[in-house]
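Novice: Return atomic coordinates for the entry below.
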Amino acid sequence: MNDPFASRSHEKMKEVLLYPDAPGPAEHYYMIRGGSMKGNITVWESGTVGPKGKGEYIKTYGHYHVDDLPEIYWTLAGEGLALLQKRVEENGEPANDRIEEFKVIPVSAGHELHIESGWGHLVVNTGSTHLVTKDDSPVAGIGDSASMPTHADYKPVQAMGGFAYFVVEHGGAPALVRNPRYKEVLKQDLAGLEVLG
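Specialist: The predicted structure is shown next:
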């Protein structure tokens, strides 16, 4: 049986951070994996990585699902933002650097987030306390691990150095910075957040 506990280190998160050379917490978030039967719990640290007053909020790495697999996230404590993005299909293959649609969805305790198949997703802790969620992703197959489960594809996010936008602190509140590695975002709902130059 696999160890159900995993954490995502600062060293690993550097691959997808706006400020990869800035210091950060030793571990950005922690996961307890129970799979479809028990559910999965994720706990985020609070704070930012980068220059004081404009650092990037602590987030999950972000991934796409390998198969036709919807997912539900229930926010148990704290507050944050879920970032969802769907890639443009070119000749039946997803284009990592072109986004068909991008959404920012505020989440807080009691919120239920439904993620449709084909959407990449990550969650950002914009509050001053831990952010805690439960989800129903399956982690039960041979070769699965709590750290990098086989149903999730992290490579497209790693290749682009993160999602289409980074969430940063600006004037004490969340704002967005565009990731220049993406060629285009065709449709977006930014939940009223300011996009910084």
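Novice: For the rest of this, base every contact and every neighbour count on C-alpha atoms.
Specialist: OK.
Novice: Look up phi and psi at the spatially closest residue to Gly171 that is not a sequence neighbour.
Specialist: Counting by CA to CA, 6 or more residues apart in numbering, Gly171 lies nearest to Gly53, which is 6.9 Å off, once chain neighbours are set aside. With angles defined as degrees, to the nearest 10, Gly53 sits at phi 80, psi -10.
Novice: Isn't Gly53 up against Glu169?
Specialist: Yes - if you go by CA atoms under 8 Å, Gly53 and Glu169 touch, sitting 6.0 Å apart.
Novice: For Tyr57, which residues count as its bridge partners?
Specialist: The partner list for Tyr57 in beta bridges (DSSP bridges) reads Thr48.
Novice: before we move on, back to that, who has more neighbours, Gly53 and Glu169?
Specialist: Regarding Gly53 and Glu169, a neighbour count based on other CA atoms under 10 Å identifies Glu169 as having more, with 21 against 14.
Novice: Now do that one, the pLDDT please.
Specialist: Glu169 is assigned a predicted lDDT (pLDDT) of 98.
Novice: May I ask which helix or strand encompasses it?
Specialist: According to DSSP states H and E, Glu169 maps onto strand 165-170.
Novice: Go ahead and produce PDB holding the CA coordinates of that strand.
Specialist: Provided in PDB are the C-alpha atoms of strand 165-170 (Å, rounded to 0.1, in the frame of the first residue of the first chain):
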ATOM      1  CA  TYR A 165      -1.900  34.000 -15.100                       C
ATOM      2  CA  PHE A 166      -0.100  34.200 -11.800                       C
ATOM      3  CA  VAL A 167      -2.000  35.500  -8.700                       C
ATOM      4  CA  VAL A 168       0.100  38.200  -6.900                       C
ATOM      5  CA  GLU A 169      -0.500  40.500  -4.000                       C
ATOM      6  CA  HIS A 170      -1.100  44.100  -5.000                       C
END
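Novice: Could you point out the helix or strand that follows it?
Specialist: Secondary structure here is assigned by DSSP H and E; on that basis, the next helix or strand after strand 165-170 toward the C-terminus is strand 173-178.
Novice: buried ones in that following strand?
Specialist: Within strand 173-178, the residues that qualify as buried by neighbour count (16 or more other CA atoms under 10 Å) are Pro174, Ala175, Leu176, Val177, Arg178.
Novice: same question, stretch 93-106
Specialist: Within stretch 93-106, the residues scored as buried using 16+ other CA under 10 Å are Pro94, Ala95, Asn96, Asp97, Arg98, Ile99, Glu100, Glu101, Phe102, Lys103, Val104, Pro106.
Novice: what's across from the residue positioned nearest the centre of the chain in the sheet?
Specialist: For the chain, the residue lying nearest the average C-alpha position, counting by CA atoms, centre = their mean, turns out to be Leu122 (1.6 Å). Note on Leu122: beta-bridge partners by DSSP bridges are Leu83.
Novice: swap in Phe166?
Specialist: Beta bridges link Phe166 to Val177, judged by DSSP bridges.
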